[in-house]
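S.K.: got a predicted model here, sequence first, then my questions.
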Amino acid sequence: APLLTLNRKHLISPSVLKMTLSNGNGVTHEDVSEYYGKTLGATEDLKTNACLTDGAPPAFIRDCLRNIHPEVIAKYYGCGLCIPDVLEGLTVLDLGCGSGRDVYLAAQLVGPKGKVIGVDMTTEQINVAKETQEWHATKFGYSNTEFHQGFIEKLEDITELIPNSVDVIISNCVINLSPDKESVIRNCYRLLKPGGEVYFSDVYSSSRVPKSLAEDKVLWGECISGALYWNDFHNLAKDCGFLDPRLVKDSPITVSNPKIEETIHAYSPNLKFYSATYRLWKLDDLESHCEDYGQAVIYKGTIPRCGGAFTLDGHHVIETGKVFPVCGNTWKMIKDTRLEPHFQFIGNFDRHYGIYADCGTLIPFESAKSGAGGGGDAAAGCC
């Protein structure tokens, strides 16, 4: 399978957008721009494999790609689509959309009654996306896309983005490059409708990245030193309103560059990095842990491309027709969201049986335990 490079869409033209944000250690948007705009000329110039993944996109994505303008494909610096199921008729926001490839992919999945909005800080990239809008509208038979230039940390400055108006927000290895991750996540919560979600992939660390590494502009640009410690991310997400972050899948990142590995190991040989996909639901009444109310769901098998089973997250692969026990939070993630029509529900919240076993606080990444990629044990109960 070909190598697919992770998101390389977030270049900036400092002469057009003057705002400078810093990660607190001296790394700014301009540094990221310098790295991607001048230092890197192609994927081969990457100094680590942190932004590379193995595998080809699924058949339905390949079919959608055939309907996208060649210039959009040529200007795309990213990888395979990071997007959830059940999108028809929804409003989707892509953070760091670049030339619009993922926007035009999602546009085909939401259909004529849906809408996809792209935001990127790069003039050249946004121009490509906008210039091909009419071409794509003709190709699809409908027009359902819009693009805005701006920073993902300052979404409130884009007046067209209205609070409580978006169903799904997607992002692919962009937030770890942001110098103000809290602003990004808070804005996501502000823009989502109740029951909406952020579905995104990014880079995380096993412990907090030290200042000495965070000041390294190459490591920041390589998606290494901007990584959030996984538990800091969990706490940040909860503080921003996403009360129960759910890990969908993960895999270890092997730097595969002796010089950079030496730099990291000089600090600690136990500092590890992981690529992980999370979903964050905007549901205000979730609990801090997985509580047992004796509830269960039955998946109807009606979600496209998920006939045999539906994967909610790494611990919830729900087979069609099977009674599947769930905690109260999982119940709400299905019952109070767009997923509800595809399930039957057993039980209520009248009686409480205590906390689910294994609802713990250890590192969540299965790849940290097994040494391989994963998304949890689907047969391990609710948690």
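M.R.: Thanks, I have the structure now.

S.K.: show me the shaky parts of the stretch 251-383 of the chain.
M.R.: Along the stretch 251-383 of the chain, the model assigns pLDDT under 70 to residues 360-361, 371-383.

S.K.: same thing but 50
M.R.: Within the stretch 251-383 of the chain, the set of residues satisfying pLDDT under 50 comprises 378-380.

S.K.: now the spatially most central residue of the chain: closest residue in space, sequence neighbours ignored.
M.R.: Of all residues in the chain, the one closest to the mean position by Cα atoms, centre = their mean is F200, 0.7 Å from it. Spatial nearest neighbour of F200, chain neighbours left out: S171 (3.9 Å); criterion: Cβ to Cβ, 6 or more residues apart in numbering. No exception for glycine: its C-beta is placed from N, CA and C like everyone else's.

S.K.: buried sites along the strand or helix carrying the one you found?
M.R.: Taking DSSP states H and E as the definition, one finds S171 inside strand 166-172. Within strand 166-172, the residues scored as buried using 16 or more other Cβ atoms under 10 Å are V166, D167, V168, I169, I170, S171, N172.

S.K.: G307 contacts T320, correct?
M.R.: Yes: using Cβ atoms under 8 Å, G307 makes contact with T320 at a distance of 6.8 Å.

S.K.: looking at these two, which one has more neighbours?
M.R.: The neighbour comparison of G307 against T320 (other Cβ atoms under 10 Å) goes to T320, with 16 against 11.

S.K.: any idea how far the closest residue to that one other than its chain neighbours is from S275?
M.R.: Leaving aside its chain neighbours, T320 sits nearest to G301 (3.6 Å; criterion: Cβ to Cβ, 6+ apart). Distance of G301 to S275, given as Cβ to Cβ, to the nearest Å: 30 Å.

S.K.: who has more neighbours, the two?
M.R.: Using other Cβ under 10 Å as the criterion, G301 and S275 rank with S275 on top: 25 against 15.

S.K.: quickly find the element holding that one.
M.R.: strand 273-281.

S.K.: for that strand, name the packing helices and strands.
M.R.: On a contact count with 3 or more Cβ pairs under 8 Å, 6 or more residues apart in numbering; DSSP states H and E, strand 273-281 meets strand 192-205, helix 230-239, strand 246-253.

S.K.: in the longest one, what's buried?
M.R.: If I follow you right, that is strand 192-205. Neighbour-count burial for strand 192-205 flags 192-193, 195-205 (criterion: 16+ other Cβ under 10 Å).

S.K.: farthest pair in the residues you listed?
M.R.: The most widely separated members of the buried residues of strand 192-205, counting by Cβ to Cβ, are K193 and S205 (31.7 Å).

S.K.: for stretch 263-274, measure first residue to last.
M.R.: Here the two ends of stretch 263-274 are set 18 Å apart, with distance taken as Cα to Cα, to the nearest Å.

S.K.: repeat that for stretch 218-235.
M.R.: Using Cα to Cα, the end-to-end distance of stretch 218-235 comes out at 27 Å.

S.K.: TSV for the buried residues of strand 166-172, including pLDDT?
M.R.: What follows is the buried residues of strand 166-172, written out as TSV (pLDDT from 0 to 100):
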residue	pLDDT
V166	98
D167	98
V168	98
I169	98
I170	97
S171	94
N172	88
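
S.K.: could you dump those to JSON lines with distance to P210?
M.R.: Listed next are the buried residues of strand 166-172 as JSON lines, based on distance: Cβ to Cβ, whole Å:
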{"residue": "V166", "distance to P210": "36"}
{"residue": "D167", "distance to P210": "39"}
{"residue": "V168", "distance to P210": "35"}
{"residue": "I169", "distance to P210": "30"}
{"residue": "I170", "distance to P210": "31"}
{"residue": "S171", "distance to P210": "26"}
{"residue": "N172", "distance to P210": "26"}
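
S.K.: with respect to F242, which of those residues is nearest?
M.R.: For those, the residue nearest F242 by Cβ to Cβ is I169; the value is 11.1 Å.

S.K.: so what sits opposite that closest one in the bridge?
M.R.: Here I169 sits in beta bridges with L93, V198, going by DSSP bridges.

S.K.: wait, it touches F200, no?
M.R.: Yes: assessed by Cβ under 8 Å, I169 is found in contact with F200 at 7.4 Å.

S.K.: what is in contact with these two at once?
M.R.: Contact criterion Cβ atoms under 8 Å, 6 or more residues apart in numbering; residues shared by I169 and F200: L95.

S.K.: quick one, helices of the protein?
M.R.: Per DSSP state H, the chain carries helices over the ranges 29-34, 59-65, 70-74, 101-110, 123-131, 133-140, 181-191, 211-214, 217-221, 230-239, 258-267, 328-335, 366-370.

S.K.: if you compare the ones you listed, which one is most tucked away?
M.R.: Greatest average neighbour count among the helices of the chain goes to helix 101-110 (a mean of 25), per mean count of other Cβ atoms under 10 Å.

S.K.: re earlier: please name whichever of the helices of the chain is nearest to S288.
M.R.: With Cβ to Cβ as the measure, helix 230-239 is the member of the helices of the chain nearest S288 (8.1 Å).

S.K.: now for the closest one, which elements pack on it?
M.R.: Counting by 3+ Cβ pairs under 8 Å, 6+ apart, helix 230-239 packs on helix 181-191, strand 192-205, strand 273-281.
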